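> Sharing a model that was predicted from the sequence below.
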Amino acid sequence: MMSLPLPEFEKPVKLLLVVADAEAHVENAVLMMDAHNIGFERLDMPSSAEIPTAIAIAARMSNFDGFVVLADAQTPESAQGLQMLGLQGLCIGYGLNSKDADKATSAVAAALHLVATSRKWGRPDNGVGFTSEILLAQGGKTTA
């Protein structure tokens, strides 16, 4: 299997690392994100069943570019939920039901490739990621 090089980003990337009973894999994911200067936050869930809902909430209410899911156990419903969120345009890399330590780094790489794809084809006004501008509405116009 061919391994793609990780994409490079001009703007910072922020990922949400969602973990359910996969503590053994977290260190590899964190090491990879740190090595590539990827900003992230961690969210622990009691089981994989809550992960799709947690990601949907975070996507709606926060500013994450993508999501990395690590879970040692999954239900068909949680896997289907993640697929549905991905088809809606969320950038999700996941390592589910795996005892393989490389699954964590593969999940990070997958999320980063999806973020790169969304940035390549995304509209500039999509509001994903970090912004350094503060916009103020003044008299019907938005000014920086």
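Perfect, thanks for sending it.

> Show me what the longest helix anywhere in the chain packs onto, helices and strands only.
Looking across the chain with DSSP state H, the single longest helix is helix 102-121. Judged by 3 or more CB pairs under 8 Å, 6 or more residues apart in numbering; DSSP states H and E, the packing partners of helix 102-121 are strand 14-20, helix 23-35, strand 66-71, strand 92-96. Just so you know, the C-beta spots here come from the backbone N, C-alpha and C atoms, and that holds for glycine as well.

> give me that answer again for 6 Å
Helices and strands touching helix 102-121, by 3 or more CB pairs under 6 Å, 6 or more residues apart in numbering; DSSP states H and E, are helix 23-35, strand 66-71, strand 92-96.

> Please render the ones you listed as CSV that adds mean pLDDT and distance to V13 to the earlier fields.
Output for the helices and strands packed on helix 102-121, formatted as CSV (pLDDT from 0 to 100; distance: least, CB to CB, whole Å):
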stretch, mean pLDDT, distance to V13
helix 23-35, 93, 9
strand 66-71, 96, 7
strand 92-96, 88, 12
